[in-house]
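>>> next come a sequence and a model predicted from it.
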Amino acid sequence: MLRLLTLFAVLAFAAPRASAADAKPLALEGHAAGVPAVVFIGDGKILATGSEDKTIKLWDAATGKELVTLKTGSVQSLASTADGRRFASAGHDGTVKVWDAATRVELLTLKGQKGDAAGLAFAPDGKTLAVGGGEFDLKAEKARGEIRLWDAAAGKELARIEWPDNRVTNVAFAPDGQTLAACSSNGAVALWDAATGKKVSDLGKNPNGATGLTFSPDGKLVACGNFFRELTIKVWDVATGKETGTISKSNNVSAFSLKFLPDGKTLAVGGFDQQSVRDEKTRGAYLALIAIDGKTERVLTGHIRGVTCISVSRDGTRLAVSGLDKTARVWELKEK
């Protein structure tokens, strides 16, 4: 894990206008270990958190009240269907489970993934579930990864995509569901046809490894964060495959997770800032709202240690963040 970026020019943040994001976040406490995953369920009224303590907790996103605790294996990633009827969880052993959000009953268990299941995403229509992961072959001294596409209702494997020399770290569907993006441990970012599993294009590489991955709301852009070294967020045009910009800073900040806000102009970025490990208020946690052009940044404080995952409610009013400090937190992004 590595450091994060320096704050943008001091003048850009001098005397910022107060907003709902400046308020103290709602803390969700109760997990006994780190929380690698968080996701809003459907319309965002319910929030799910997945922990290394082998539980998933569902919360009232407005009040922070714990609704239920589900026992499962160690959780690495979570995803929800757009309609909120189902959600999925995945672990380091590659096992994926699909749950009924209303009854909290496990519907499917999907096995066979090589290595872990670091990336997890439902297609917008909820019919397909993409799982990305991989492992490191010690004998061959190289990583190998794969993406599996599943029928999310029947549990039938639809396609298997091998990605040699890459461990898949994240996957994301375009808003229209036609394209699947994936990024890897060596920094590569590529697009596939979600229906056939055939590669559409190699977008390029994040030189500092790739982990956070997100489409813009209109599906025209893909942004990818870095796994180590200096903060580096690459942005590509989906139609042309050309890089449209890079947000970078010299401080050692890892952008483990990032999501576009509904305005399409702002990225919520979370990760680990190695330079601030000794800061008693953050202990290395980094969370910020960054303009896509890199000109403005608003840092949000509340977490300590690393930020592991970010989820934005569909209406853009709430930002949920999970972390290594065994908690999740919810920020109100817009005043009501």
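Arrived safely, thanks for sending. Numbering: from 1, shown residues only.
>>> which parts of the stretch 51-200 of the chain are strands?
55-60, 66-71, 77-80, 86-90, 96-100, 106-110, 116-122, 128-137, 142-151, 157-164, 168-173, 179-184, 188-193, 199-205 (DSSP state E, counting those that start in this stretch).
>>> ok, which of these comes nearest Asp325?
For those, the distance to Asp325 is smallest for strand 55-60, at 15.0 Å, taking C-beta to C-beta. Glycine gets a C-beta too; all of them are placed from N, C-alpha and C.
>>> quick check: angle from that closest one to strand 66-71?
160 degrees (axes from the mean of the first three to the mean of the last three C-alpha atoms, to 10 degrees).
>>> can you list the strands of the stretch 51-200 of the chain in a markdown table and add mean pLDDT, mean neighbour count and distance to Gly270?
Formatted as a markdown table, those follow (pLDDT from 0 to 100; neighbours: other C-beta atoms under 10 Å; distance: least, C-beta to C-beta, whole Å):
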| stretch | mean pLDDT | mean neighbour count | distance to Gly270 |
| --- | --- | --- | --- |
| strand 55-60 | 98 | 20 | 18 |
| strand 66-71 | 98 | 13 | 22 |
| strand 77-80 | 98 | 26 | 14 |
| strand 86-90 | 98 | 26 | 19 |
| strand 96-100 | 98 | 20 | 23 |
| strand 106-110 | 97 | 15 | 27 |
| strand 116-122 | 94 | 25 | 16 |
| strand 128-137 | 89 | 23 | 19 |
| strand 142-151 | 90 | 21 | 23 |
| strand 157-164 | 91 | 15 | 25 |
| strand 168-173 | 96 | 26 | 13 |
| strand 179-184 | 96 | 27 | 16 |
| strand 188-193 | 96 | 20 | 19 |
| strand 199-205 | 94 | 16 | 22 |
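>>> now those in TSV, with distance to Lys24?
Below are the strands of the stretch 51-200 of the chain laid out as TSV (distance: least, C-beta to C-beta, whole Å):
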stretch	distance to Lys24
strand 55-60	17
strand 66-71	19
strand 77-80	25
strand 86-90	28
strand 96-100	31
strand 106-110	35
strand 116-122	30
strand 128-137	35
strand 142-151	39
strand 157-164	42
strand 168-173	30
strand 179-184	33
strand 188-193	36
strand 199-205	38
